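When you get a sec, could you give me coordinates for this:
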Amino acid sequence: MPDAIVWHGLTEFDVALEGLVDRAQAASREAVVEAAHAAELAMKQHAGEGGRHAQGTPTPATPGGGPAVISGTLRRSIRVGEIQPFGVTGYSAKVGPTAIYGRRVELEYDYPYTGPGLHDVLPLLPEIYARVWGKAISG
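As a prediction, this is how the structure comes out:
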């Protein structure tokens, strides 16, 4: 029976694993940023699909569809917020309007734009993550 078992290569394995975790973290952040900006663009497109009209005039938008543009403030206020880390390789982002009346337009007046924008982006997520993580894993 041997007196000791000697493992070779554990230091190198540790270094390689740390490198993989670092690349995975960077890839997750990159994917979240790309997806968040795609959501921002989609929301802005939906926020103007109800047409245009001057303030104080009737809206050409139909409830259940995106709002009409009056001044463009709502659309310009749609932004990607701070990217926040969570877990080992996770990240999250908030995307939406900063205009104080943004939620009211969608929820109370029934001119949705954030929900439809997110719905448009959800099918893109597998491709974004596969592409970005594929580069990180092979890298």
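
chain center to the longest helix anywhere in the chain, what's the gap?
Longest helix in the chain, counting residues (DSSP state H): helix 10-46. Offset of helix 10-46 from its chain centre (Cα atoms, centre = their mean, to the nearest Å): 12 Å.

avg pLDDT for it?
Across helix 10-46, pLDDT averages out at 89.

so what secondary structure elements neighbour it?
strand 78-86, strand 90-97, helix 114-121, helix 125-138 (3 or more Cβ pairs under 8 Å, 6 or more residues apart in numbering; DSSP states H and E). For every residue, glycine as well, the C-beta is placed using N, CA and C.

a markdown table please, covering these and showing distance to Val69 and mean pLDDT.
As requested, the helices and strands packed on helix 10-46 are arranged in a markdown table below (distance: least, Cβ to Cβ, whole Å; pLDDT from 0 to 100):
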| stretch | distance to Val69 | mean pLDDT |
| --- | --- | --- |
| strand 78-86 | 12 | 95 |
| strand 90-97 | 13 | 94 |
| helix 114-121 | 15 | 97 |
| helix 125-138 | 28 | 92 |
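
now the ones you listed in JSON lines, with distance to Gly56 and mean neighbour count?
Shown next, in JSON lines, are the helices and strands packed on helix 10-46 (distance: least, Cβ to Cβ, whole Å; neighbours: other Cβ atoms under 10 Å):
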{"stretch": "strand 78-86", "distance to Gly56": "24", "mean neighbour count": "14"}
{"stretch": "strand 90-97", "distance to Gly56": "22", "mean neighbour count": "17"}
{"stretch": "helix 114-121", "distance to Gly56": "25", "mean neighbour count": "18"}
{"stretch": "helix 125-138", "distance to Gly56": "41", "mean neighbour count": "14"}
